[in-house]
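S.K.: the sequence and its predicted three-dimensional model are supplied below.
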Amino acid sequence: MTNQPVESKVAELQATEAEITETEAAEQAAIEKRREHLKNESTRLIDMAGSEPHSALKCIHQLSVAGGATEATYVAIEQRIVADQDAAGAYHLALLAQNTPDLPIDARQLIEMVVNKGDNDQRLALLKNLLLPPVELIKEQILASNDGDAIGQMNAYLQINPEGYGSHHMLSSGHSDHIVPLS
């Protein structure tokens with residue numbers, strides 16, 4: 001009779017091990033399915049960025065919906081932005097690059113495009129939303145525009161945040177601000 005409890009425990013352990021193996025297999029299958037989906041979405045977005053002028057914002061949106069993409073996808077979107085000189089696309093991709101530091105894109109090039117070719121709303125959004133915005137370059141462009149409203153907004157913002165550390169710094173120090181969508 002003493003063998004019965006041991007046999008019962010062995011059977012329970014074997015059943016538990018089988019359940020764990022099944023769960024791991026299901027998790028692995030889900031990961032593979034997700035990987036295949038991202039690969040397909042990446043291919044589609046690369047094709048779109050390569051063939052549709054002014055499609056960067058659409059690509060960035062769909063990339064966000066998909067939950068990620070391959071490095072080649074980000075490169076293709078950056079190339080579309082540069083080809084189109086798309087300041088709004090540059091702004092959004094620069095913000096993505098700021099939050100995902102290992103993206104294979106040149107965020108500085110994108111930021112310079114927004115500062116030099118964007119409008120004052122985009123420049124002010126950069127000032128508020130980048131961790132370390134190019135404050136002096138942004139100030140120069142906004143002042144050169146002679147846009148009184150934008151100059152006033154910039155001065156008000158820099159008065160409470162003279163270093164221009166962006167909203168991330170302000171949130172951690174008790175101020176509230178938010179990322180400004182430009183599309």
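M.R.: Looks like it arrived, so ask away. Bear in mind the structure is a predicted one, so any value in this text is a computation, not a measurement.
S.K.: give the contact list for the closest residue to Asn116 other than its chain neighbours.
M.R.: Of all residues not flanking Asn116 in the chain, Gln141 sits nearest, at 7.1 Å (Cβ to Cβ, 6 or more residues apart in numbering). For the C-beta atoms, the positions are set from N, CA and C on the backbone; glycine is no exception. Contact analysis of Gln141 by Cβ atoms under 8 Å, 6 or more residues apart in numbering lists Val115, Asn116, Asn120, Arg123.
S.K.: show me the shaky parts of this protein.
M.R.: For the chain, the stretches with pLDDT under 70 are 1-4, 166-183.
S.K.: can you pull out the helices in the chain?
M.R.: 3-51, 56-66, 71-84, 87-99, 107-117, 120-129, 135-145, 148-160, 166-172 (DSSP state H).
S.K.: can you state the direction angle for the first one and helix 56-66?
M.R.: Read that as helix 3-51. Orientation of helix 3-51 against helix 56-66 (axes from the mean of the first three to the mean of the last three Cα atoms, to 10 degrees) gives an angle of 170 degrees.
S.K.: by contact count, what packs against helix 3-51?
M.R.: helix 56-66, helix 71-84 (3 or more Cβ pairs under 8 Å, 6 or more residues apart in numbering; DSSP states H and E).
S.K.: same check on the third one?
M.R.: Using 3+ Cβ pairs under 8 Å, 6+ apart, the elements in contact with helix 71-84 are helix 3-51, helix 56-66, helix 87-99, helix 107-117.
S.K.: what does that helix contact?
M.R.: Helix 71-84 has contacts (Cβ under 8 Å, 6+ apart) with 42, 45-46, 49-50, 52-56, 59-60, 63, 86, 89-90, 93, 96, 103-106, 109-110, 113.
S.K.: select only the buried ones of the contacts of Gln141 in ChimeraX?
M.R.: Buried subset of those, written as a ChimeraX selection, criterion 16 or more other Cβ atoms under 10 Å:
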select :115,120,123
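S.K.: okay if I get the contacts of Gln141 as JSON lines plus distance to Ile151?
M.R.: As requested, those are arranged in JSON lines below (distance: Cβ to Cβ, whole Å):
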{"residue": "Val115", "distance to Ile151": "15"}
{"residue": "Asn116", "distance to Ile151": "18"}
{"residue": "Asn120", "distance to Ile151": "9"}
{"residue": "Arg123", "distance to Ile151": "11"}
